[in-house]
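A.B. asks: I would like to see how this sequence folds:
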Amino acid sequence: MASRESGGSRAAALLLVLGVERALALPEICTLCPGGMHNLSRVAAYCEDTSKLMQARCCLNQKGTILGLDLQNCSLKDPGPNFLQAYTAIIMILPQDVPCPGGSNAWDNVTSFKDKQICQGQRDLCNSTGSPEMCPENGSCAS
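C.D. replies: Numbering: from 1, shown residues only. The predicted structure follows:
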């Protein structure tokens, strides 16, 4: 019995380590603001409708790619260099004074409210910016 318990302990420790490693892999932009995603936000609804993972302020796919970002109710003027981590987002909720990445022309729909703006349907940033670091894998961007 002792060897079985020891094996079980090792398995639990391995799962714990893997869980911690996954938690550490969360993009910094997701934890830029304290608290979690608002349950009634469009990002949360999108995440639930598509059966994705909600972690901190992000909606992620199984590979950890950001599909949604909810930064509403953050006293945020500039999201900083980590904002590029969200280039894969399909929907973002941002404070009113933080523009949608790439400007409103980079999104299919930008809706402004008194305290926030919602950027939905990100267009191909590679073609609109020409910036190679924003290009998807196998993209054909020119610098």
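A.B. asks: how many other residues sit next to the nearest residue to residue 30 once chain neighbours are set aside?
C.D. replies: The shortest distance from residue 30 to any non-neighbouring residue, by CB to CB, 6 or more residues apart in numbering, is to residue 58 (3.8 Å). All C-beta atoms are positioned from the backbone trio N, CA, C, and that covers glycine. For residue 58, the count of nearby residues is 29 (other CB atoms under 10 Å).
A.B. asks: what number of residues lie near residue 124?
C.D. replies: Counted with other CB under 10 Å, residue 124 comes out at 14.
A.B. asks: typo on my end, residue 102
C.D. replies: Residues lying near residue 102 (other CB under 10 Å) number 18.
A.B. asks: Can you classify it by secondary structure?
C.D. replies: coil (DSSP: H, G, I helix; E, B strand; the rest coil).
A.B. asks: How much space separates it from residue 115?
C.D. replies: Computed with CB to CB, to the nearest Å, the distance linking residue 102 and residue 115 is 22 Å.
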